[in-house]
Structure formats: structure tokens, C-alpha cells
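turn this into a structure:
(4 chains)
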There are 4 protein chains.
Amino acid sequence: MAIEASRESAPARIRLGMVGGGKDAFIGAVHRIAARLDGEFELVAGALSSTPDKARESGRLLGLAEDRIYDNFRTMAAREKRLRNGIEAVAIVTPNHVHYEAAREFLKRGIHVICDKPLTSTLADAKRLAALAEKSDALFILTHNYTGYPMVRQAREMVAAGELGELRLVQVEYAQDWLTEPLERTGAKQAEWRTDPARSGAGGAIGDIGTHAFNLATFVTGLTLESLSADLDSFVEGRRLDDNAHVLLRFSGGAKGMLWASQVAPGNENGLRLRVYGTRGGLEWSQEEPDRLWFTPFGKPKQLLTRGGAGAGAAARRVTRTPAGHPEGYLEGFANIYAEAARAILARREGRPVPRDVVFPTIADGVAGVAFVEACVRSSKRNAAWVTL
Amino acid sequence: MAIEASRESAPARIRLGMVGGGKDAFIGAVHRIAARLDGEFELVAGALSSTPDKARESGRLLGLAEDRIYDNFRTMAAREKRLRNGIEAVAIVTPNHVHYEAAREFLKRGIHVICDKPLTSTLADAKRLAALAEKSDALFILTHNYTGYPMVRQAREMVAAGELGELRLVQVEYAQDWLTEPLERTGAKQAEWRTDPARSGAGGAIGDIGTHAFNLATFVTGLTLESLSADLDSFVEGRRLDDNAHVLLRFSGGAKGMLWASQVAPGNENGLRLRVYGTRGGLEWSQEEPDRLWFTPFGKPKQLLTRGGAGAGAAARRVTRTPAGHPEGYLEGFANIYAEAARAILARREGRPVPRDVVFPTIADGVAGVAFVEACVRSSKRNAAWVTL
Amino acid sequence: MAIEASRESAPARIRLGMVGGGKDAFIGAVHRIAARLDGEFELVAGALSSTPDKARESGRLLGLAEDRIYDNFRTMAAREKRLRNGIEAVAIVTPNHVHYEAAREFLKRGIHVICDKPLTSTLADAKRLAALAEKSDALFILTHNYTGYPMVRQAREMVAAGELGELRLVQVEYAQDWLTEPLERTGAKQAEWRTDPARSGAGGAIGDIGTHAFNLATFVTGLTLESLSADLDSFVEGRRLDDNAHVLLRFSGGAKGMLWASQVAPGNENGLRLRVYGTRGGLEWSQEEPDRLWFTPFGKPKQLLTRGGAGAGAAARRVTRTPAGHPEGYLEGFANIYAEAARAILARREGRPVPRDVVFPTIADGVAGVAFVEACVRSSKRNAAWVTL
Amino acid sequence: MAIEASRESAPARIRLGMVGGGKDAFIGAVHRIAARLDGEFELVAGALSSTPDKARESGRLLGLAEDRIYDNFRTMAAREKRLRNGIEAVAIVTPNHVHYEAAREFLKRGIHVICDKPLTSTLADAKRLAALAEKSDALFILTHNYTGYPMVRQAREMVAAGELGELRLVQVEYAQDWLTEPLERTGAKQAEWRTDPARSGAGGAIGDIGTHAFNLATFVTGLTLESLSADLDSFVEGRRLDDNAHVLLRFSGGAKGMLWASQVAPGNENGLRLRVYGTRGGLEWSQEEPDRLWFTPFGKPKQLLTRGGAGAGAAARRVTRTPAGHPEGYLEGFANIYAEAARAILARREGRPVPRDVVFPTIADGVAGVAFVEACVRSSKRNAAWVTL
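Predicted coordinates for the structure are as follows:
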């Protein structure tokens, strides 16, 4: 039932800007929630869209001051640098091909960069950016978000501690189904840019999700990939980038592996899954059940380690917010009560009736609950006699 | 891959106060994260502890203005009411026995109340508070948080739509193991007040978690409990409140049920689970896998409905933040990257080295990822020849 | 990859007769497969139906010699006793109301009886039969087949070894859905006799499957049921016996429990599930995944013990046929009862005592099962009052 | 609750011989249980070991007549052929390198052969045997036992019916852990011959279990493998055959796949698992939960089809023995191969054509399996080059 001491500390709040992530962008909203969750960042500036009107509207919705809403990231970088309370960090959440130019502007001014993956759309850009980052005082944080899961940290810690012995096998996969049909021809934006070489780079599924799988595998194992053999396909007719990738892996030191990335495997929602085997044991983790980690020491019963539960070590605990059995997902459920409350409160504020689809437990539920408890106690005292409510 | 349009709208942000929830309190931190997640509330005042020093220290940590940090909720209610920008809503997150008095102070001044469950420690208090709430203009929101899960909303919608036919059976349970041993005698605060009749009321496990189970069952089914037979036990010697409850249920209309609440069942972390059966089908939901809902229409294959996936209806969608397969838990994982970034950035700000246990993907990972993609594309073009990295 | 040395030994084969189990009978075929699986029994005689033509046709299909096909069990018992190679054991697989009379005929002639459950349709018959069995030299084996599963044996061994500490809670359930609609009015034989008090006795679901749940709970825990409170229902209109049972349990020594038996819970195929919790740990087993046993020592990671795998002890191994990961099922579990019977019968044949590790349900379990059903019916008629056993 | 009408019919019982499978042999005992389960075969002769004493002792234990216990399979084939009641079929359960010679002796005398996999230890032998089989009147049944599972039949039927649309992806794996350490150096017989090229042929894990995976994939999908790229490893030092295989697959018609076979993956007991994806949906089946089949029609909720349950079609039902929820296992799946063999043999005996719905792996599957192993070895030796089949 223990929970890490809150890291909340408003006075220290970090001033954050954002490039991309305007209205309707999926990943931009995710970044903002992530930045807000622990109260450590404060969003104060943004170049939220390359379309000026949309940039402005999005900035206003987010409550940015008018003069901190920018039309483009160059102006933003330059001006924020000069402000006394300018941003200390920027989140870059644009399509891949913009990452390089945007990151460069902030890095060279010493503003920390939090950048969505993949880093860039070409290797040449990636290397140039890396060179720049090395010279800069600023930090560069890449949001390979799956490395943030507590049980991924746990897995990494166990491998590093030698609990699996010498590593032999790495089986990793990331399967989705949302591109099973030619969604990009229906006007779906997420599908459009992800299947467009100009905006995504040379890789389709391999770039969009294969990189996550690769990153997860190396993050947990600490192994270095030495060579690979890849068979990429575009199963959907007319698709310009791969939608399925089969890859054989050879790591330094002799470990071998397989990587499968697919966006045309019906029934797979977001199936990122890693299995690692060594001379002494195995580990298995699946993103769709992130709070669980299977550990199978050779010749002993299988163990199911749970986030917050027995067996979870220091690396997991320090990024854990809720006790065992409260899926991180619990917070979102909890937040939904607040969200419903907000809808009701705003309606009241504006003199509107509370919308009919707003649902939250009320005082009547509270009375019923207490009545229930008292009835249970009464019944139990009378040898479990039936009592009415 | 669709996600609900962001509800973020900073200009409309609701001014929130909090009673209880000072440093080290579990549920207070949960409420604050929940309030912050969508950016709809702004915490501006608090009576965060009944100990003045702790109240002050906690308030500062949270960045409250000095004059909005209160020693007690009475002063807070009175003063905030008079302020031009006083709080519009208050979250009450104290132990149970304080709920009544605190809620009363705000309700009678027309300030919306968001109150933790159970409502009060006695039924008499609950009824008095309900009477007060009825007369007040303010809203009263009880955080039976499990009703906020999208697939719980889905279940409720399906029952209401008649997909289960006429209901016959309600099997609900909430099993934990953290009180298997006399934890309350080791100085553990959470255990102390939860096993103390003066602070919790007449119910132990039945009040702490049995009420959640009961609330969930009635929320989903819409049934009214008519009578019950309860067998409560305190298995741990010397414990003053029940730590296990076995209850038989009879609902209006003839449905029957069983409720089991336990805090002494080793291996159960937070095992809230509901099964409902009717003449036409059944539903099953478990809190530890909140994104899944089993639906079993009689005589047809079982269906696994997933949050954000095919089959999820309007009630679930409107409280959904991430696409199918991204467990709500994804956001916490994502937020951990931001949290690590914050630690690093603050260290830089203060001229300290970045702590060694801070872990986040860097630009090197980004370069490696792009190199990986390019190697895959190169290999695939050469008939999956081996290429080195 | 190890497998128990084969128990196959044809020269020692036991001569078996069968009462009931003609063409189209479900459980008769199951018994025959179970008897045949390890090659220890040879079916040589039968009174397979109370309808002479069907008895003859069924006997021929099974390859019985013409003069070992009988019209009724009385003739069979009398004549087989006189034959030089007459049967040594008989399997009784008729509807419940015939068990008593049939068993009596063989018992009194010293022929071992393997009898389907529940023992009889009334408690009076059960007690009379027990008295008879006590006087007889013959063995009485009751096919509570779920006690034959290796991981059920494992669970029992672990409880007996104190791995759970002092027992506190027993949660057992057996849920099916096949009687959700009035199947007995469609001419379905299995449904007809199971809902007919004349053939099934006073209990419907509670007798048909509730007894299995009760037997499993006591087999694994070794606890004695002291009193119960039962709420039985017939949800399907016009049904003459209960199709759902909710029962609270109190065991000697202070453990408490819940038992749920239902045949109207859509989505449940054969959902027999047991959870046991003590001061030191918990166990969980589900019939639909019989090769797995969850063991959760308090404060340690959960362990998944598998049949044939690490952690499976002597009691499980001696009734295991295939290596870990090669699933065993219902028929193998059933066959283990026959295998244990064979070991006991061969010991008797050779004048040896039955080996101490041979375990099978006996007539005492049968009497306890019928007493349980009658107590449930009695309690339910008195508004779920507590009744002692 | 319905169960297939019993196929038991003693008068028609098929006279069976066995080569190999003496005391302590694992797979011999499995074959005998499988042959016995439905009562269709009677074991009457055997050359159970190449060691005469062991052959005799094993024969006696099984109750064979003294003159039907043979020292070697050649004598047995010759003499049984001349007997009036000689065997009609023989089960060959020796190590791989003996299959060819033994099968030849029986095939050329018109005695039906039921042979364990892989067919032979070299492709040349396999082809010679196939030529022989084609000329013979006798049937040749290969015990790729996993094709006997009802839900594997169900999967095959669904693919054939077009429920998945056009196939794109086949992900198959078979992971075990029992050779994680050099077990073959501890005197363990199963490990010894399986890692010995002289007795197993050129393939280690790829031959022992990779062939099962390959066979399962083609059985279910009906696809023809066109080319492959294989990376085989012997992770345990000094091991003479591969213990891990990573294989990329290309099928006629454009489908692609991955096959992973490993005997050094700790925590995997007998992890055979198949996933197939087409334009319209996906299927997933795992041997360790054989009664379940996931079906995920694109854009609809996932369905869990269960053996005996709603959604199971004719192909599954005809090899099903127990109702839904009463698990069937490895032995029942194996017995289904024998049951299919019995149907075919009885048809031959009676001069009828083999019924069209009778399905079992044949010598063609055996040749394909050996060709697959040799292709994998060839590819791996050439640095995982693509080789055609």
C-alpha cells in the first residue's frame, strides 16, 4: 500500500514549450498529459501547428498567453531564448521529417529537447543532430515511452544483475492491425503520414513500431546489435512503405534474436512483447499487460512479478505511482471521475444543466454504501440473519 | 487509433481546494493526479493536514500561495467563500470520520464537494449530509473511482440496453491481502485508521472495499438491493474491525448475488471483480485488467471487448483517452519519461549532475533506431541479405 | 521430459462389469475410457440398460460375450459371483436413484464397487449403503473425478504440509450455463433426469455439481464443514429443482467459506474453481486449466506451478502421465480414479494392504456429499437459516 | 453436454503390432494409450526393443503371447504376415534412424504403418520410403499428433472456408527449455539420442520440434513453403546438433512467415503456438491451452472459440470426446490420429474407400518435413541464405 513520496513541487515547475501537437493530434495530447501528471512541468509556449490559424486556436485552448503562441518553431526558439522566463525545455511532437530541423533550433540555444521517436527520417540527419547534441549543454530526451514502464525497468535491472545468466535469445514483436486495409486512402491523417516516405522516412511499420521493439530489446538486454537480415513487405496494394517486417538479429557476444513488426495482423491492438532467455532463466513482458513480468528461473516454478508487489526492485519502485493491483490505468479511471465532475461544474458555472451523459457517483450512492455497511454489521451480529435495507 | 478530442481548455480551469491529503497521504496524491490529468482543475487552496506545520509544509510543496494554505477546513471554507477568486470546488480526502463535518462546511456555502468514499462513518451522518446536499446548490461527487473505468461504463450500458436479458445473478468480490498480518500494530498509518472504529466507522473490510464492490455491482446492474445476510470476521487476532465479509444478496425483482470482501486473502492485490448473468448472456470484468470486458451471449462464442476496440460503445468512448491496446497505464509509462526528464532538467538548473538512477532514452538511442530502420530497408532490398550495423 | 513408469501390465488386468452406461449415455463412455486408459481393467460383463434390447445392443457393440450381457443388475451380480472368471469389480453409472440398489447387490457379494456420484438420492439410502459397505470385504470407490487431477493432489499435499499456514478462507464455485433455458422441456435426456426429483433426489445444481465443489473443497483442505446457510433458486420457470445455489460455509476450527453452484450462468462451461487462503499463503486452481496451480506465499512473488514442472511434488507426480506442457485433461483425471482403484483392487487380490499413498473418494465422502445436499435444501427452505451437519 | 456417439466397437478391433517402445520409452507408452483410448486397437505383437531381454520383458508386461514377442522387426513382419490372425497394422516408435528400415518391412507386406515423426533421418530415405508406400496397398499414417487437436482442425476448417480472407502472415513457434543445460552428458536417454546426428539425422531442435511447427503451419493454412532462410545455433557448448532455430519463411502466393524452434528457452515447457493472419481476420492457437482458439475478424470483437462450445464446427466436433469445459489434452489429440487411422483401416478391411472427412498426416507430410529440416541445415550452413524447397 506504500506509494512513492510525491514528487509534486510546484515552485520548481519547469517551463515547457511544444512544437506540433495542435488540436486533433494524438501524440501531442499524450505528451501534454504526461508532462502534467506529476505537476513538474508547466506548458507556457507553443508552435503547435504549421498552419497559423490552427496554431493560434490550439494555443488559446491550452491557455497560453497570446505572445507565447508562435507560428513557427524558429521564431519561438529565438524569442523564448531571449525572454527572462523563457522555456527551459521543448517537446517536439511533429511528424518525423520535422524533428531534425526543430530540434536543431532549440539545441543550439541550450534549450532541453524532449523529442518523439523515431529521431529523424534519415540516418544522415540523425547523425548531424547527434553531433549537435554533443556540443550543446542541453539535454536530449527521446520518448521511447515503453522504457518508462516500471516492469520494463525491472526486467532491465534483473538482466543487468545476471539473473538470466548469459543471454542467448531475444524474441521481440510489435503487432498491430490498424493498417490491415488501405486506411491511408480514406483520409485518415495518422495513416497518411505514416505511409508517406516524405514524412516518415524509409521505414513504414519498421520505423513506426519496429524501432520501439528494437529499442525495448536493447534497453532491457543491454546487448549491441551486430547484424541483421530483414524481409519487409507491403501487403496492402499500393502502399508505399512496409507494413510488415520479419527480421533476424545477431548480437555482439553471440546472442540471436527475431523481431516481428506488423500493422496488418488482425486482432493485434498494440502487441509489443519481449521475451529474453539466458543460460539461467527467462523473462517475458507484454505491453498490453504492463504491470506483469514473468520470470522463469531455469528448473524452478515460474514467478509472476507485479508492479508494486513482492519481487519488484528499486528500478521499478522509483517510477511507480500506485500500489500493486491498481493498474496504472487506475489513475485514468480516477481522473474520469474528476473529468465528469469538471463537466458538471462548468455546466453549473455557465448556468447550463449538467449534460445527461455525465455520470458520477453522488451522495445517494454514498448513503446507500453506508447503509450497506451498517446492514452487513447488523446482520453479522445476528448470526447472518437476513436484514432489509 | 482515434482518440477523443482533448478536453483541455485552460481558460476554463476550475479553482479547486483540498481538505486532507498532506505529505505521505496516499489517496490525496491520487486525487491531485486525477484532477491534473486533463488540465481542467487548478489546485489553489488547501487545509492539507490537521497538524498546522504539516499543513503549511504540504501547501508550500504544492505551490499554494501562502494565504491559501489553511490550518483547518472551517477557516478555509469561510474565507474562500468570500474571496473573489475563491475555490469553486473542494476535494475531501481525509479519513472517513471527518467527511461529514468537512463536507457540511462547503456544501452549506454552495461550494461543490468531491468527496472520497465511504461517505461518512455512520449512517446517521450520511443521511444528515444528504439532506444538506439536497438543499444546497452545490454538486456532490463521491469518488467511487471504479465507476470511472471505461469498460465499467460499457458494462453498464450493455445491461441497460438489455443485452443480458433479465438479470438473475450478481457475483462480486473485492479481495486483497495486505492485512493478512496485524499490520496495524507496526505503525503503518493506512492500516491503523482503517482498523480503528473511531476513524473508519463500524465496517472494516466491508466499509473500505466492500462498499466499492457493492457500488460497482449496483452501478453496472442498476438493481436495488433488498436484503442481505452477512457473515463478517476478524481473522487477525485483536483486530477491532472485520477483515473478511461473506454476504448473500437479494435484489428487487428476484436477482440474487454474493459479495466477498477480504483483506486477508494472500495473493490478491486489488482483486475487484464483477460477474453478472441474465437470461440472455453474461458479463465479466476485473479491475486488475480494466481494459477488458468479457461478454458471453448465451449459445454464442465468448467475446472479448476491449477499451477503444471494436464493440466499445459511446459510454466507454467518452471517457477513453488512448487507443485500443494502449493500456490506460500507457500514460503513466509515458509520464515516467517526463518525470525522468524533469529530474535531469532540475539537476541541470541547479548545477548538480544528473542523478545516476535517472534513466531515459537519449539521442544515441535515436541514432541507433534510425540506423536500425535503414539497415532493415537495405537488407530487405538485397533479398534479406545480412547487413552489419 | 520424464514420465512415470507405465503401470501397464496386462496379465494382472482386472475383470470389470458395468451397470448403466448403454449407448448414448455420456458418463458411461467416460468411465469406460477412464478404465481403459492405463490398460488395467478389462470390461467383460454389463447390464448396460434397463431396456433389454438396448442392453443387448450396447453389450454387443462393446464386444461383450453374449452370456455376459445382462438384462438387469440383480441377475448379473448373482451369476457373475458364481462364474470362475466372474467380474472382480463393477462400475455403476446409472442415474442417482438406482445407485443404492445396484451397489447393494454387488457389495453384499464382495464385488468391488466403483460408483458415480452423488452416492444416492437420499441421505437414508446413503447411510444404509455405508453400513453395508463397512461390513463388506469389497472396496467402495466414488468417482468424484476432480480429485484425480494431479494439481488437485498437489494442492492437497501443500495444504497438509502447512504451506498455507492455518486456513482461514475457502472460496469454491462450480458454474455452468447449459440449463440457462428450459432444456428439459426439449427432450434432452441429460437435462430431464437432472431436473427430476424422482431420479436426482432433492438437489438440482447443488446435487449435480455443488457436491463436486463441496467434495473438492474438503478434499484439498481437509476441513470439516460444521454448518451452512444456503439460498437455492430455480430461476427457470417451472423447473422443479434448484438451478443456482449460494451457500455460506463455516468449518470446524474457524475457517469460513462461500460456495456457488449454478447451471444458469451464461459463458461458464464447466467452471469449477477453488481458492484457499491461510495465514501464510493462498492457492488457486481452476478445472478448465487443470495443469496449473497458483501458489501465492504471503509477501513473495506469485508462483505458477505446473503439472510435471518444477515445484510439482510426489502426490502430483504419481498420477501424472505426460511431461510438463503436454496438457492432461478431464479423461486423464477421471482415469486416475480408476488407476487408484486398480492399485487398491490388485492389493486386495494379492492379500496386501492398500498402499498408503493410494487416494480415492470413498463411501464416507459419498455420505458427506448427500448430507451436504440435504442440509442445503433444509436451510434454503428455512430462508437460508444456519443448519449444522 | 452432447458427446459424440462412442466409436467403441470391440468386434471390429484392429490387431496392432509395435516396433520399439519397450520399458522406459516415453513415446511408446503414449502411442499405446492413444491406441487404447477408444478401444479400436488391440496390441497383439511387438518387437519392443533391440535388446532381446528387454524386448521379452516388455512384451510380457504388456500381456503379449510369448510367441508374439519378437527380437527384431524383420522376424516379426515375416511371421505376422503368415499368421491367420496376424497384425493388420504396426506402430513404429523407434529413434528416427530406424524408421526407414522398419517401415519398409511392413509396407512391402501390405501391413498398415503408423509411424512416429520425423519420417526418416535423411531425405533420401524419406523419398525411397514414399516410393515404396505408393506401390503398397497399405496405409501410411504419420503421427504428427498436434494435427489431432480438435481446435487445430477447427482452425484449418476456418482457413479453408475463407474466414481469414487471403493469407498474409504465418507466425509459428515451438519453444522448450529442457536442453538449456547439457543434459545429454548426464546419461539422460531422451537427450542423448535427440542430440546425436547418427540417430536423429541432421536436425536437432529443428528436426525434433521444428518439424512439428512446420507441419502444423502447413496443415492449418494449406500453404506451400517455397523458400526459407534459417539461422541454426547450438548454444550449449559441445552440442552436436542445433538447439535453436530462427527461420524466415516465404510461401507460394506471397504469404510470409517466421518459425522459431528452441530447446534452450527457460520457462517454455512445450510452447507450440501458431498465429495466422489474412486480409479478413486472424487466428491464434497454443498447444498448452489446446481447447481454445482465438478468432479475430478484422474490425470486430475478438472471439474465443472453445472445443465443444458455440462456434466449434464439424471438423472439430468429429474428433471431440467430452463436452465444452471438460479439458481434453495431449493424449486425446494423439488418440485422434489413431482414431482416424482406425477409420481408414476399417474402411480398407471392408473394401470401402476411406471416408472423405478422415484426416491424418501421410508419408507426403513426412517427406515434406524431412525436406524442411534439410533445407534449414543447408541454409544455415550458407549463412542463412535463401534456399528453395
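
so residue A:23 lies in a helix, does it not?
No: with the criterion set as DSSP: H, G, I helix; E, B strand; the rest coil, the secondary structure at residue A:23 is coil rather than a helix.

can you tell me how far it is from residue B:358?
33 Å (C-beta to C-beta, to the nearest Å). Every C-beta, even on glycine, is put in place using the N, C-alpha and C of the backbone.

do the same with residue A:119
From residue A:119 over to residue B:358 the distance is 20 Å, taken as C-beta to C-beta.

equivalent analysis for residue A:143, please.
Applying C-beta to C-beta, the value for residue A:143 to residue B:358 is 15 Å.

go on, residue A:19?
Counting by C-beta to C-beta, the gap from residue A:19 to residue B:358 is 24 Å.

and those two? which has more neighbours close in?
Set residue A:19 next to residue B:358 and count neighbours by other C-beta atoms under 10 Å in any protein chain shown: residue A:19 wins out with 31 against 15.

now do the contacts for that one.
By C-beta atoms under 8 Å, 6 or more residues apart in numbering or on different chains, the residues touching residue A:19 are A:46, A:47, A:48, A:73, A:76, A:90, A:91, A:92, A:93, A:94, A:98, A:102.

which strands and helices sit next to the lowest-mean-pLDDT helix or strand in chain A?
Every helix and strand of chain A was ranked by mean pLDDT, DSSP states H and E. The lowest is helix A:330-349, at a mean of 77. Contact here means 3 or more C-beta pairs under 8 Å, 6 or more residues apart in numbering or on different chains; DSSP states H and E; on that basis helix A:330-349 packs against strand B:14-19, helix B:26-37, strand B:112-115, strand B:140-142, helix B:150-160, helix B:330-349.

now the third one: average pLDDT?
Per-residue confidence for strand B:112-115 averages out to 92 on the pLDDT scale.

residues in contact with it?
A:337-338, A:341, A:344-345, A:348, A:366, B:31, B:88-92, B:99, B:103, B:106-107, B:133, B:138-143.

let's see it at 6 Å
Residues from elsewhere that reach strand B:112-115, judged by C-beta atoms under 6 Å, 6 or more residues apart in numbering or on different chains: A:341, A:345, B:89-92, B:99, B:103, B:106-107, B:138-142.

can you list the residues of the stretch 151-300 of chain A near chain B?
Where the stretch 151-300 of chain A comes near chain B, counting by C-beta under 6 Å from any C-beta of the partner chain, the residues are A:178, A:190, A:202-203, A:206-207, A:211, A:214-215, A:225, A:227-232, A:269-270, A:288, A:290.

out of these, which touch chain D?
Among those, the residues that sit close to chain D (C-beta under 6 Å from any C-beta) are residue A:231.

which ones among the residues of the stretch 151-300 of chain A next to chain B map onto strands?
The members of those that map onto strands under DSSP state E are A:225, A:227, A:228, A:229, A:230, A:231, A:232.

would CSV of those with neighbour count be doable?
Supplementary listing: these in CSV, determined by neighbours: other C-beta atoms under 10 Å in any protein chain shown:
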residue, neighbour count
A:225, 23
A:227, 17
A:228, 25
A:229, 27
A:230, 29
A:231, 23
A:232, 25
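
take these and write them to CSV, including distance to residue D:128.
Output for those, formatted as CSV (distance: C-beta to C-beta, whole Å):
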residue, distance to residue D:128
A:225, 44
A:227, 40
A:228, 40
A:229, 35
A:230, 39
A:231, 35
A:232, 41
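
and which of those is nearest to residue C:66?
Set against residue C:66, the nearest of these by C-beta to C-beta is residue A:231 (66.9 Å).
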